[in-house]
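> generate coordinates for the sequence data below:
(one chain, ligands or ions: 1)
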Amino acid sequence: MEHHNTIEAKMCPHVLLFPLPIQSPINSMLQLAELFCLADLQVTFLNTNHNQQLLYRHTNVESRFKQYPKFQFRTISDGLPDDHPRSFPMFEDLINSLQAVAEPFLRKILTESGVTCVIPDGLFYYAVDICNEVGVSVISFDTISPCCLWVYLCFPKLIQTGDIPFKGNDLDVLIENVPGMEDLLRRRDFPFYRLTNCATDLYCQLALKEIQSIPRSHGLILNTFEDLDGPLLSLIRSHCPQTYAVGPLHLQLKTRLADKTMSSSNSLWEEDHSSIQWLDAHPTESVIYVSFGSLATLTKKEILEFWHGLVNSGIRFLWVMRSDLLREEEFSHQFVKELTDGCEERAYIVSWAPQEKVLSHPAIGGFLTHSGWNSTMESIVERKPMICWAVYVDQRVTSRFVGEVWKIGLDMKDICDRYIIEKAVKELMVTNKDKLKKSVDKLSMLAEISVGEGGSSYNAFEYLVNDIKKLGR
Ligand code: UDX
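Modelled structure (predicted):
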């Protein structure tokens, strides 16, 4: 299957997907891969050995993809030793060591295997360069929020106007030179809100390389839909006319799969399904779901503030406490036991949940989230308003949009205090519930229409497949 001659490959387009090796992009890229399989394309999914092992251990991915004869996984080392944490603040190691392994691998596979189109994560600017060098088409997939991508695209202008790096410490100053966000974006909503020097900040440099590679790609895939991000998509298209808004991807996949009951978990960790049984015992919309995604960490003080705020609100909650959620140290069972003692009826803790199932459960009334892009899309689809505790990068822009543009949640931003949390939980679940619910219900309905036959995301996916077929000829 790996070695096709060029003529055969040109008749049947062969797409190579290369995700950033973390949970959220792996989720989105696997969903895209399965959609391509349904469209009868030949698909290779390039994963790191480390993540492939986790996927195989915790999901039915292996058997699920066996039903597609034109699909294959390929794996490479990420260049790190087994015991490396592969998370923030050591994420930089992962990015650098993977690049060192991936560059020669891509050069080799692209000259040998008849791949006709590469779809790398937007952060892999070097994959775009290699494709251009060896003459293979490339379409980037930016799995972060489009509102953040638009801010990235404005970086050169912001540097020129002197908006960044920031001068002074006032985080409430408006950044007025991002078109479409003139009255909206404060320094505290900026992806790198503590930025002091663009030239030395790794993530700022990566963002700059990412946007420079966009015009060198044939197109750009985004996990959003026109009715959510229409105005921003128009602005992004001024940089990349061939932008395909195909989201929400998980909903597009569910809609197109004939067997809609099939579990599509792509979890790198074991999902604790006791969370669903716990939810089954509770009334409709009475529980708030708390999760900070797969990478974000909190200080012990922040965890205690969230905990007491939630307990004091009187609302039941289900909290995903990853073993590496605590910034300073490993979680001890003792710490969790001390928290939960006396709250067993009101609170339930798991280390990883089947999130889509949790969010779709009728007992869930809201989501306290870090505003990761997948979590935001999943929450919109399942009609759950949000409280946002954004930690970094796109989360900071997304949470501003949740609170002020889409008006489907409350953006806490920066002040982690039990009284504020208690107030926000009551607002989300009781006092402001109807208003927020009405807005999120509307967006959810529009999301559903977008992935239905003839909808904007449905059509965008059809265009994408057709364009890939044309590239392959
Ligand atoms: C990272 C960045 O933090 C985020 O800013 C960016 O938008 C994407 O990359 P992550 O922290 O993993 O993302 O958050 P998110 O995008 O929300 O993705 C988490 C995924 O893990 C979701 O698809 C969610 O369904 C899943 N998840 C999360 C679980 O399956 N179980 C859990 O317990 C928690």
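> surely residue 204 forms part of a strand?
No. Read with DSSP: H, G, I helix; E, B strand; the rest coil, residue 204 is helix and lies in no strand.
> who's in contact with the closest residue to it other than its chain neighbours?
Nearest non-adjacent residue to residue 204, counting by CB to CB, 6 or more residues apart in numbering: residue 198, 4.7 Å away. In short, each C-beta sits where N, CA and C put it, glycine included. Counting by CB atoms under 8 Å, 6 or more residues apart in numbering, residue 198 makes contact with 155, 159, 164-165, 204-205, 208.
> and if you look at residue 233?
Counting by CB under 8 Å, 6+ apart, the residues that residue 233 touches are 146, 222, 224, 226, 243, 245.
> try it again with 10 Å
By CB atoms under 10 Å, 6 or more residues apart in numbering, the residues touching residue 233 are 146, 150, 222, 224-226, 243-245, 456, 460.
> before we move on, back to that, which of the contacts of residue 198 are buried?
155, 164-165, 204, 208 (16 or more other CB atoms under 10 Å).
> any chance of those residues in a markdown table, with distance to residue 96 too?
Below are these laid out as a markdown table (distance: CB to CB, whole Å):
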| residue | distance to residue 96 |
| --- | --- |
| 155 | 21 |
| 164 | 24 |
| 165 | 23 |
| 204 | 16 |
| 208 | 16 |
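> before we move on, the earlier item: among the contacts of residue 233, which ones are in helices?
146, 150, 226, 456, 460 (DSSP state H).
> what is the nearest of these to the ligand?
residue 146 (10.9 Å; CB to the nearest ligand atom).
> can stretch 79-90 be said to contact the ligand?
No. Judged by CB under 6 Å from any ligand atom, stretch 79-90 stays clear of the ligand, getting no closer than 8.8 Å.
> so what touches that stretch?
Contacts of stretch 79-90 (CB under 10 Å, 6+ apart): 21-22, 48-51, 53, 78, 91, 93-94, 96-102, 294-297, 322, 324, 327, 391-392.
> leaving out the residues flanking it, which one is nearest to the residue of the stretch 51-200 of the chain found nearest the ligand?
Nearest residue of the stretch 51-200 of the chain to the ligand, counting by CB to the nearest ligand atom: residue 144, 4.9 Å away. The spatial neighbour of residue 144 that comes closest, neighbours along the chain excluded (CB to CB, 6+ apart), is residue 394 at 4.1 Å.
> what's the answer for residue 310, then?
residue 317 (4.9 Å).
> these two touch, right, that neighbour and residue 307?
Yes. Contact criterion CB atoms under 10 Å: residue 317 and residue 307 qualify, at 9.2 Å.
> what's the residue of the stretch 51-200 of the chain closest to the ligand in contact with, if anything?
Contacts of residue 144 (CB under 10 Å, 6+ apart): 20, 24-25, 121-123, 152, 191, 207, 210, 222-223, 372-373, 393-395, 397-398.
> ok, and which of the residues you listed reach the ligand?
Near the ligand, by the rule CB under 6 Å from any ligand atom, you find 24, 372-373, 393-395 out of these.
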